[in-house]
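Colleague: Below is the sequence, then the predicted model.
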Amino acid sequence: MIWSLCLPPCIKPFAWRIYKRILPTNSNLARHMPSWNMNCPICGHHEESDMHALLECPLAVQVWGGSQLNCGILDSKFRNMEDCIASASMMNFDVGKIGHGFTESLVEEALACLLGMRRTLEAGFDSIMVEGDCLSLILSLGKNKVHDSFVGFTLKDILSLVSSFDFCSWPFVKRGGNRVAHDVVHLQPYGFCLRTWETKVPDCIVDRAFEDMYEFLNSNIE
């Protein structure tokens, strides 16, 4: 699963070591060498576990605090990373074709993502996973990579919203896994008006969402 994520190549082995709990922290080394000192070499006050090295050490807290990233754990909103991820909501985005198609598809995808994140923030969600089927856009967001272009300006607007969330990730999903957003786009009338459903969602969209949830649960059980 980790190897299929849209992450920079240098990050995937690191994420895999975290998942397997084989980072060379003093706590992990002590499992193989009982006499090994497990204290953190930076602060010297706590056992250097994976969680301490990455999130809890005073130096790590300073690094996270100086970045634009925030997972809520540093603010004591969550007890651990598992709680943080479990509380996240999914936000999918997609685009359709309107008019003569003069706008570049990547620009349209970026604008759809920006609009979705703004609406998600307005609705009060503070932990989200932003799924889209535009690979180039997802990769750019995951790498925090922007260009000096109209797309780049839109990406900057998107990334500027990240600090407003406790948790935000950018998983790529193939078109088959983005069917709810795809159906919503084609359900919208042709025009430039904005429509939202906060209570009564169209039945066809609810049915599609249940289908996706059923397939997701089945794939995890198998």
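Modeller: Right, received. Where do you want to start?
Colleague: Mind pulling up the pLDDT for Ser67?
Modeller: Looking at Ser67, its pLDDT is 67.
Colleague: what separates stretch 46-59 from the chain centre, distance-wise?
Modeller: In terms of CA atoms, centre = their mean, to the nearest Å, the centre of stretch 46-59 is set 23 Å apart from its chain centre.
Colleague: buried residues in it?
Modeller: His46, Glu48, Ser49, Asp50, Met51, His52, Ala53, Leu54, Leu55, Glu56, Cys57 (16 or more other CB atoms under 10 Å). C-beta here means a position set from N, CA and C on the backbone, and glycine is covered the same way.
Colleague: okay, how far is it across that stretch, tip to tip?
Modeller: Counting by CA to CA, to the nearest Å, you get 13 Å between the two ends of stretch 46-59.
Colleague: and if you look at stretch 140-159?
Modeller: Start-to-end, stretch 140-159 (CA to CA) is 10 Å.
Colleague: would Val201 count as being in a strand?
Modeller: No - read with DSSP: H, G, I helix; E, B strand; the rest coil, Val201 is coil and lies in no strand.
Colleague: and it, how many neighbours?
Modeller: 11 (other CB atoms under 10 Å).
Colleague: separation between the residue of the chain positioned farthest from its centre and Gly65?
Modeller: Distance from the C-alpha centroid of the chain, by CA atoms, centre = their mean, peaks at Ser35 (39.8 Å). Plainly put, Ser35 is 35 Å away from Gly65 if you go by CB to CB, to the nearest Å.
Colleague: ok, now Glu131?
Modeller: Per CB to CB, Glu131 is found 28 Å from Gly65.
Colleague: Is the residue farthest from the centre of the chain in a helix, a strand, or coil?
Modeller: coil.
Colleague: backbone phi and psi for it, please?
Modeller: phi -90, psi 0 (degrees, to the nearest 10).
Colleague: Check what pLDDT it gets.
Modeller: 90.
Colleague: dump the residue contacts of it.
Modeller: By CB atoms under 8 Å, 6 or more residues apart in numbering, no residues touch Ser35.
Colleague: Remind me which helix or strand Phe153 belongs to.
Modeller: helix 150-160 (DSSP states H and E).
Colleague: Packing partners of that helix?
Modeller: For helix 150-160, the contact count by 3 or more CB pairs under 8 Å, 6 or more residues apart in numbering; DSSP states H and E identifies helix 105-122, helix 135-142 as packing neighbours.
Colleague: With mean neighbour count, distance to Asp183 and mean pLDDT as new columns, can those helices be given to me in a markdown table?
Modeller: Putting the helices and strands packed on helix 150-160 into a markdown table (neighbours: other CB atoms under 10 Å; distance: least, CB to CB, whole Å; pLDDT from 0 to 100) gives the following:
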| stretch | mean neighbour count | distance to Asp183 | mean pLDDT |
| --- | --- | --- | --- |
| helix 105-122 | 18 | 14 | 90 |
| helix 135-142 | 18 | 20 | 88 |
